[in-house]
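Peer 1: with the sequence up front, the predicted model follows.
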Amino acid sequence: MASPLLLGIDTGGTYTDAVLFRDEGGVIAKAKALTTRHELSEGIAGAVGAALENGCVPASQIAMVSLSTTLATNALVEGQGGLAALVMIGFGPEDIARGGLSEALGSDPVIFLPGGHDVHGNETPLDMSALDEALPSLGSVVSSFAVAGYFAVRNPAHEIRVRDRIREISHRPVTCSHELSSKLGGPRRALTTLLNARLVSIIDRLIASTEGFLQKSGIDAPLMVVRGDGALMSAAEARLRPIETILSGPAASLVGARYLTGLDEAVVSDIGGTTTDVAILQGGRPKLAPDGADVGGHNTMVEAVALRTYGLGGDSEVHIDDRGLEAKITLGPRRLLPLSLLAATHGESVLQALDMQLRASHAGRQDGRFALRISLSDAHVEGLQAQELSLLARIGSTPAPLNSLLVMNSQKAVLDRLVARGLVHLSGITPSDALHVLGRQRQWNADAARLGLQIAARRRSGAGRQIAASAEDLARNIVDRLTRQSSEVILAACLAEDGAEAIDPAVSLAVDRALKRVPGIARFSLELDRPLVGLGASARVYYPAIADMLGAQSVIPADADVANAIGAVVGQIRVVIAVTVTSPEDGIYVVAGAGETMTVVGEAAALKTARDRATAGARDKAGQEGAGDILISVDEKISAPEVEGSRKLVEAVVTATATGRPRMTHAQD
């Protein structure tokens, strides 16, 4: 009997990927569709529908669906989210300045309440008068509430009382800090809780949209979501703790890389159109950021992969500096619409403009570049200055050559502002065009790519020579530059992991000599201590040369182009519960976490209580998340120094980890 059919979905910035998967057969079918930002379910429907058609299987056979997404990450980076009110219990206004909380809070309302607990869980009386006074008016203004109490990780009683009062009066969603993190550090925990509250409505819309699509398609299966650490959580839990989905996409990519390669130790580099993401596989799991995920300038307490993102991809802008004796090529960080893609979508007008520019007796500085208006709606042009409105009016729904659009030098800055506002796309030569010229990429219009590179190749350096002998010559130089820049960013990420951030591979003479393998009496060489796994649709084209430059084994799995969607579907549910034991006086021990704080006599009894609580809590939570065949592991960290010949327990932390694959529905054929 065949194992259950699983569906993995990854909603990326450009494409939505779908994979049909069985445990014993691997990938059954896969498909891509453009991500539809205005209505995500359309892109999901396109990708899933194509995958089902490719796999020749009915939707009713799907037993589980798993989703990875960049939605929460993008929202934090772009400052989006609902208006949230923060309730601080036992904190004062001076605490807002700590942990980046003030910058994150902005103009959102905050309420201070007397209360909270000490390190042993003993309470200061809670006074909710200020909350009761504010709730009637706030409840109709904010979309959600965040509650953070002093030492709530040692005793969450006050957070729970405040949460219940808010729900009773306002009926709004409420996030408590003890539900998100068991770590000390009140302001950072409050920051994490506030950001979570803002994301509730955004992730709720994504999940509702996905569930609506599944229902319409006849897919009756549990929906899981990838967390930022690569583990899975139920859709219901993702609605409550959406902040845990930040870096979901890259985490799924790492899990997919582990499954596809079987490697326990690797450097994983995922190249897209705009960016390259670099992370480390260690011990068979994604290496996590030790201090929590840092996204959009917010240093959160969310466990997530340690990821470094660089503005370098297949559609990166090609910069040619021809002022020196030798022309220099650099790439990125801005993304351009490749000329080959522009011509594929807009036809002969692009080819005719490029051909005319190539035939001209004198080359123009803006030759080979176009502007394309993204939105024609007047609603998007509010706040534009007269110069910007005038230039935008000259850019229609067909590509406008920059050499005729920009009649004055000052208009270049105006155009850049329109691009920054997201109203205009720029198009020009990119590494994707170079691959079309070399015949290593074929999905778009190779003629436009060749014309664009021929135009660029005839530019002259400061020595008066053409910067390249032909379009093919320039294409090879661009691909070589991507190889070198990719090697530099991967090496920078690895050096940072080794604590050697001071070495900048882009400017280091020693690194330059090692990468170029310059001969000499003193020879420099470098190599990675583990394989380099290349992911992304163009990985097979670029990464063998990159790995060779870095002295690493190149590993490019067969389904590298959909590794994120595979990672979404092969992951496990993973729940971690921590219980803390402290001793306020000799022989008396306080057990906090996974339930009400309690006092126990005797260290052995206290530690046993902590183990039992942590184990039961992890098992129950994993079951609620939808895990079956749950495995439990327990770790203990005990700080008990000997003072004046007597052992004194300062703190013991007992951590139980529950793991298991999600339970499947019994799908019907």
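Peer 2: Yep, that arrived.
Peer 1: from Ala266, how far out is Asp229?
Peer 2: Counting by CB to CB, to the nearest Å, the separation of Asp229 from Ala266 is 17 Å. From N, CA and C alone the C-beta is placed, and that goes for glycine too.
Peer 1: swap in Ala360?
Peer 2: Taken as CB to CB, the span from Ala360 to Ala266 is 50 Å.
Peer 1: of the two, who's got more company?
Peer 2: Higher neighbour count among Ala360 and Ala266: Ala266, with 24 against 11, using other CB atoms under 10 Å.
Peer 1: quick one, helices of the stretch 401-550 of the chain?
Peer 2: For the stretch 401-550 of the chain, the helices defined by DSSP state H, counting those that start in this stretch cover 402-405, 411-420, 431-437, 446-457, 471-497, 509-516, 539-549.
Peer 1: let me know which of those helices is tucked in deepest.
Peer 2: Comparing those by mean neighbour count (mean count of other CB atoms under 10 Å), helix 431-437 ranks first with a mean of 29.
Peer 1: output the contacting helices and strands for it.
Peer 2: strand 337-338, helix 339-346, helix 446-457, helix 471-497 (3 or more CB pairs under 8 Å, 6 or more residues apart in numbering; DSSP states H and E).
Peer 1: adding distance to Pro58 and mean pLDDT, write those out as a markdown table.
Peer 2: Formatted as a markdown table, the helices and strands packed on helix 431-437 follow (distance: least, CB to CB, whole Å; pLDDT from 0 to 100):
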| stretch | distance to Pro58 | mean pLDDT |
| --- | --- | --- |
| strand 337-338 | 38 | 92 |
| helix 339-346 | 33 | 92 |
| helix 446-457 | 39 | 96 |
| helix 471-497 | 42 | 95 |
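Peer 1: let me have those in TSV, extended by distance to Gln387.
Peer 2: Shown next, in TSV, are those (distance: least, CB to CB, whole Å):
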stretch	distance to Gln387
strand 337-338	23
helix 339-346	25
helix 446-457	28
helix 471-497	33
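Peer 1: and the gap between the most centrally placed residue in the chain and Ala304?
Peer 2: Against the mean C-alpha coordinate of the chain, by CA atoms, centre = their mean, the closest residue is Leu247 at 3.0 Å. With distances taken as CB to CB, Leu247 is found 4 Å from Ala304.
Peer 1: common neighbours of those two, please.
Peer 2: 228, 293 (CB atoms under 8 Å, 6 or more residues apart in numbering).
Peer 1: quick one: contacts for Gly534?
Peer 2: Taking CB under 8 Å, 6+ apart, we find Gly534 in contact with 269, 271, 540, 542-543, 546-547, 554-556, 560.
Peer 1: now do 10 Å
Peer 2: If you count contacts by CB atoms under 10 Å, 6 or more residues apart in numbering, Gly534 has them with 257, 267-271, 486, 490, 540-544, 546-547, 554-557, 560, 563.
Peer 1: all helices for the stretch 151-300 of the chain, in order.
Peer 2: 157-170, 186-216, 235-240, 248-261.
Peer 1: may I see the buried residues of the second one?
Peer 2: Taking 16 or more other CB atoms under 10 Å as the neighbour-count basis, helix 186-216 is seen to contain the buried residues 186-204, 206-207, 209-210, 213-214.
Peer 1: chain center to it, what's the gap?
Peer 2: 15 Å (CA atoms, centre = their mean, to the nearest Å).
Peer 1: state the mean pLDDT of it.
Peer 2: Across helix 186-216, pLDDT averages out at 86.
Peer 1: do the same with the third one
Peer 2: Over the span of helix 235-240, the pLDDT mean works out to 88.
Peer 1: one more: stretch 392-412?
Peer 2: Mean predicted confidence for stretch 392-412 is 88.
Peer 1: next, the distance between the ends of it.
Peer 2: 12 Å (CA to CA, to the nearest Å).
Peer 1: how far does it sit from the chain's center?
Peer 2: That offset, for stretch 392-412, works out to 34 Å (CA atoms, centre = their mean).
Peer 1: check stretch 303-314 too.
Peer 2: That offset, for stretch 303-314, works out to 8 Å (CA atoms, centre = their mean).
Peer 1: now do stretch 571-591
Peer 2: 31 Å.
Peer 1: now do stretch 20-33
Peer 2: Averaging C-alpha positions (CA atoms, centre = their mean) puts stretch 20-33 23 Å from its chain's average.
Peer 1: do the same with stretch 576-594
Peer 2: The mean C-alpha position of stretch 576-594 is separated from the chain mean by 36 Å, CA atoms, centre = their mean.
Peer 1: save the helices of the stretch 401-550 of the chain as TSV, and put in distance to Glu133 too.
Peer 2: Shown next, in TSV, are those (distance: least, CB to CB, whole Å):
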stretch	distance to Glu133
helix 402-405	58
helix 411-420	43
helix 431-437	59
helix 446-457	65
helix 471-497	49
helix 509-516	62
helix 539-549	58
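Peer 1: which of those helices sits closest to Leu288?
Peer 2: Proximity to Leu288, assessed across the helices of the stretch 401-550 of the chain by CB to CB, is greatest for helix 471-497 (11.9 Å).
Peer 1: isn't Asp205 right up against Ala72?
Peer 2: Rather than Asp, residue 205 is Arg. No - applying CB atoms under 10 Å as the test, Arg205 and Ala72 come out as separate, 11.7 Å apart.
Peer 1: check the gap between the nearest residue to Ile573 once chain neighbours are set aside and Ala97 for me.
Peer 2: Excluding the flanking residues, the one nearest Ile573 by CB to CB, 6 or more residues apart in numbering is Ala627, at 4.0 Å. The gap separating Ala627 from Ala97 is 41 Å, by CB to CB.
Peer 1: kindly report the same for Gly551.
Peer 2: Gly551 is 47 Å from Ala97, by CB to CB.
Peer 1: which one's more surrounded, these two?
Peer 2: A side-by-side neighbour count of Gly551 and Ala97, using other CB under 10 Å, places Gly551 first with 15 against 11.
Peer 1: not counting its neighbours along the chain, what's nearest that one?
Peer 2: Using CB to CB, 6+ apart, the closest residue to Gly551 is Glu527 (3.0 Å).
Peer 1: pull the number of nearby residues for the nearest residue to Ala496 once chain neighbours are set aside.
Peer 2: By the measure of CB to CB, 6+ apart, the closest residue to Ala496 outside its immediate chain neighbours is Arg308, 6.8 Å from it. Arg308 has 18 neighbouring residues, counting by other CB under 10 Å.
Peer 1: shouldn't Arg308 be in contact with Leu491?
Peer 2: No - in this structure, Arg308 is not within contact of Leu491 by CB under 10 Å, at 11.2 Å.
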